[in-house]
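**Q** How does the following fold in three dimensions:
(chains A and B)
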Amino acid sequence: MTDKLKLYGKEFDSRLLVGTALYPSPAVMRESVSASGSQIITLSLRRQNPEQQQGKMIWDYIQESGCQLLPNTAGCKTPKEVIALAEMSREIFATDWLKLEVIGDDYNLQPDPYGLIEAARELVKRGFKVLPYCTDDLVVCRKLLDVGCEVLMPWGSPIGTGRGLMNKYNLQTLRERLPDTPLIIDAGIGAPSQAGEAMEMGFDAVLLNTAIAKAQNPVLMAQAFKLAIESGRAARNAGLMLKRQTASPSTPTLDMPFWQQTVTAGENA
Amino acid sequence: MQLLVNGENVNLNDGSSVAALLQQLGYTGETFAVAVNGDFVPRAIYDATTLSAGDQLDIVAPVVGG
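**A** You can find the predicted model right below:
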């Protein structure tokens, strides 16, 4: 059975998208991305002087990675900033794909839903393939679809917190009400079990960075997330059993030894 | 004239273009992009884009990101 992740007309075998930041070294980053099996990686743009070499390092890696690039607009707070950065990203990275971030609060890095919709509308007009990092609000998500986004990336919990799926009711609602929209849980995932849970709930993929990069052994953690996501997806496809309140024995009860029908003397008479 | 490039003061001859500024500062290759006063300036019009005193430029390059 082919079970590809389909985003904006492209197909991917891996359902794990990973960030490239916060690793202890560029070498560990490269090895971890490779171990994750990810085919989509996020990147960004920052001010840089000609003598700084980080730009070249990441550029060299991009050339050899073979991954779909997903530049972000991290840190942008207004649609104007987003659009300028998006255009700069498209020129440098030569891709229309964009992880749209419009941040509305400095403390929990919560997406600004109004700025998000306004920016998405303009970016779609300009030909971008927009993957918005959004909250789990159904109405906001619908409006993002209305303005032309084909993929949504609701948060699990705030970026870098590792708290997992904070509001499962809302997330489940999104999944049920938007059954045909690719939904990627982006941000807040701290453990492979949380990523697996998202997949079991029917989300199409998971995007994460900190949980791998800040692990004591990032390469091993990348493998752990890869396995958890594959496992969660398989479980979703297999169909989970329904929960029930009372116990139900797994082992047959028929012909249980040591058990005798209790018969009273009076009944035999 | 004085410009602000990535938050720092830079002196440039009056009437210079974005291309001239990039050459003066030593930007080469194609791994950077430019915005002037918050608006993207495509590579194709670096020569044709004339800068004015007080312009604020952002010159960005790829970095790791999440």
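
**Q** Could you report the neighbour count for residue 37?
**A** No chain specified, so I'll use chain A. When neighbours are defined as other C-beta atoms under 10 Å in any protein chain shown, A:Gly37 has 18 of them. Every C-beta, even on glycine, is put in place using the N, C-alpha and C of the backbone.

**Q** The intended chain is chain B.
**A** 14.

**Q** Excluding chain neighbours, give the residue nearest to it in space.
**A** B:Gln56 (5.5 Å; C-beta to C-beta, 6 or more residues apart in numbering or on different chains).

**Q** how many neighbours does that neighbour have?
**A** Counted with other C-beta under 10 Å, residues neighbouring B:Gln56 total 13.

**Q** Show me what from the stretch 151-269 of chain A comes close to chain B.
**A** With the criterion set to C-beta under 8 Å from any C-beta of the partner chain, the stretch 151-269 of chain A comes near chain B through A:159, A:209-210.

**Q** out of those, which are inside helices?
**A** The helices in this structure, assigned by DSSP state H, contain A:Thr210 from these.

**Q** just so I have it, where are all the strands in chain A?
**A** Per DSSP state E, chain A has strands spanning A:5-7, A:10-12, A:16-19, A:40-47, A:68-71, A:97-100, A:129-134, A:153-154, A:184-186, A:205-208. These are given in chain order.

**Q** wait, which of those strands is closest to B:Ala44?
**A** strand A:40-47 (18.7 Å; C-beta to C-beta).

**Q** near chain B, anything from the closest one?
**A** Yes - judged by C-beta under 8 Å from any C-beta, strand A:40-47 and chain B are in contact via A:42-47.

**Q** and that strand, C-alpha only, in CSV?
**A** Once side chains and other backbone atoms are set aside, the C-alpha atoms of strand A:40-47 remain, and they are given as CSV (Å, rounded to 0.1, in the frame of the first residue of the first chain):
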residue,chain,number,x,y,z
ILE,A,40,11.6,18.5,4.3
ILE,A,41,13.8,20.8,6.4
THR,A,42,13.1,24.3,7.7
LEU,A,43,15.6,27.2,7.4
SER,A,44,15.6,30.9,7.8
LEU,A,45,17.2,34.2,6.9
ARG,A,46,19.0,36.6,9.1
ARG,A,47,21.1,39.7,8.7
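
**Q** could you say what helices and strands it packs with?
**A** strand A:16-19, helix A:54-65, strand A:68-71, helix A:79-93, strand B:56-64 (3 or more C-beta pairs under 8 Å, 6 or more residues apart in numbering or on different chains; DSSP states H and E).

**Q** again, only this time at 7 Å
**A** Packing partners of strand A:40-47 (3 or more C-beta pairs under 7 Å, 6 or more residues apart in numbering or on different chains; DSSP states H and E): strand A:16-19, strand A:68-71, helix A:79-93, strand B:56-64.

**Q** and the residue in the stretch 101-250 of chain A that chain B sits nearest to, how many neighbours does it have?
**A** Using C-beta to the nearest C-beta, the single residue of the stretch 101-250 of chain A nearest to chain B is A:Asn209, 3.6 Å away. A:Asn209 is surrounded by 24 other residues when neighbours are defined as other C-beta under 10 Å.

**Q** show me what contacts it?
**A** Listed by C-beta atoms under 7 Å, 6 or more residues apart in numbering or on different chains, the contact partners of A:Asn209 are A:18-19, A:21-22, B:66.

**Q** that older thread, of all the residues of strand A:40-47 next to chain B, which comes closest to chain B?
**A** For chain B, the closest of these turns out to be A:Ser44, at 3.0 Å, with distances computed as C-beta to the nearest C-beta.

**Q** I'd say the closest one and A:Pro71 touch.
**A** Yes - counting by C-beta atoms under 7 Å, A:Pro71 is a contact partner of A:Ser44 at 6.5 Å.

**Q** where are the low-confidence patches of chain A?
**A** When the per-residue scores of chain A are filtered using pLDDT under 70, the ranges that remain are A:1, A:53-54, A:263-269.
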